[in-house]
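# Curious how this folds, go ahead:
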Amino acid sequence: MLRKLLGLRQVAQRTISTASRRPFENKVPEKQKLFQEDNGIPVHLKGGIADALLYRATMILTVGGKTFGMLGL
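Purely as a prediction, here's the structure:
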């Protein structure tokens with residue numbers, strides 16, 4: 001039983017590490033340029049199609065919820 005606990009301890013120590021195995025690219029400067037660009041697009045839509053879809057879904061749910069709430073449905 002002690003051997004199993006020691007084995008579990010070694011596995012836990014190996015999986016939790018502060019060193020990054022895969023270095024990742026810093027994309028912050030690119031995103032800053034994109035969001036600071038003055039191109040007439042609202043900031044909440046500058047992220048692309050995903051932002052546009054989330055915005056539209058939010059508006060549909062908001063207006064739909066308000067409408068159904070007023071009707072008492």
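# Could you list the low-pLDDT ranges of the protein?
By pLDDT under 70, the weakly predicted segments of the chain are 1-2, 4-21, 73.
# ranges for the helices of it?
2-15, 28-36, 49-71 (DSSP state H).
# who's in contact with the last one?
The list of residues contacting helix 49-71 from outside it, by Cβ atoms under 8 Å, 6 or more residues apart in numbering, reads 44-45. Quick note: C-beta positions are derived from backbone N, CA and C, even for glycine.
# Centre of the chain to stretch 59-73, how far?
Computed by Cα atoms, centre = their mean, to the nearest Å, the chain-centroid distance of stretch 59-73 equals 27 Å.
# coming back round to it: of all the helices of the chain, which lies closest to residue 43?
helix 28-36 (6.2 Å; Cβ to Cβ).
# Tell me the buried residues in that closest one?
For helix 28-36, a neighbour-count test (16 or more other Cβ atoms under 10 Å) marks nothing as buried.
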